[in-house]
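Participant: Show me the folded form of this:
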Amino acid sequence: MSKAIRFSLYVDNPERAIKFYSEALGWKMNKARQEGHWFINAGPKEEEGLEGDMEQREGSRTTVAHFRVKSYKDTVKAALKNGGKVLKETDMGEMGKHAFLQDSEGNVIGIMEEGSFKPGGPGGPGGPGTGPR
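Facilitator: As a prediction, this is how the structure comes out:
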């Protein structure tokens with residue numbers, strides 16, 4: 001079973017979106033090193049829930065949920081066998097392997113097999129970066 005671990009928001013106007021989510025949901029946005037990218041702090045670490053990231057939208061990207069998987073290879077194989085497509089794969093070194101998949105209905109999801117890197121350790125917050133192009 002794969003648990004949702006992260007979400008990504010793609011926005012047309014980052015300043016407007018930051019204002020909306022900060023005021024409506026109390027989120028804090030932290031600018032990432034990557035241009036047009038922010039990490040979302042959606043609440044205290046001790047509370048259950050997902051963390052996310054926000055990016056300047058390119059094309060028709062939409063919100064994406066990311067799921068932790070035990071076996072990246074087996075998950076990709078099963079997705080392809082059942083009508084899915086691999087849109088983008090990223091080997092993130094110590095952080096693990098990540099892919100954006102299109103399901104049999106055209107929805108995009110992210111999958112990640114985590115590596116030895118732990119969020120909050122060296123290198124700052126972890127998580128998938130850019131979405132499918």
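
Participant: And the strands in this structure?
Facilitator: 3-11, 28-31, 37-41, 51-56, 64-68, 85-91, 96-102, 108-114 (DSSP state E).

Participant: need the longest helix for the protein.
Facilitator: helix 14-25 (DSSP state H).

Participant: Which residues does it contact?
Facilitator: Helix 14-25 is contacted by residues 9, 11, 27-29, 36, 38, 40, 42, 54, 56 when judged by Cβ atoms under 8 Å, 6 or more residues apart in numbering. The way it works is simple: take the backbone N, C-alpha and C, and place the C-beta from them, glycine included.

Participant: Show me the shaky parts of the chain.
Facilitator: For the chain, the stretches flagged by pLDDT under 70 are 117-133.

Participant: what about 50?
Facilitator: Regions of the chain meeting the criterion pLDDT under 50 cover residues 121-131, 133.

Participant: As a quick check, tell me the outermost residue of it.
Facilitator: The outermost residue of the chain, judged against the average C-alpha position, is residue 81 (23.6 Å), by Cα atoms, centre = their mean.

Participant: Could you list everything the residue lying closest to residue 70 once chain neighbours are set aside pairs with in the sheet?
Facilitator: Counting by Cβ to Cβ, 6 or more residues apart in numbering, residue 70 lies nearest to residue 113, which is 7.1 Å off, once chain neighbours are set aside. Bridge pairing for residue 113 (DSSP bridges) gives the partners residue 97.

Participant: rewinding a little: any idea how far the longest helix of the chain is from the chain center?
Facilitator: 19 Å (Cα atoms, centre = their mean, to the nearest Å).

Participant: That one vs strand 51-56, what angle?
Facilitator: 150 degrees (axes from the mean of the first three to the mean of the last three Cα atoms, to 10 degrees).

Participant: Helix 14-25: which residues count as buried?
Facilitator: By neighbour count on 16 or more other Cβ atoms under 10 Å, the buried set for helix 14-25 is 14, 17-18, 21.
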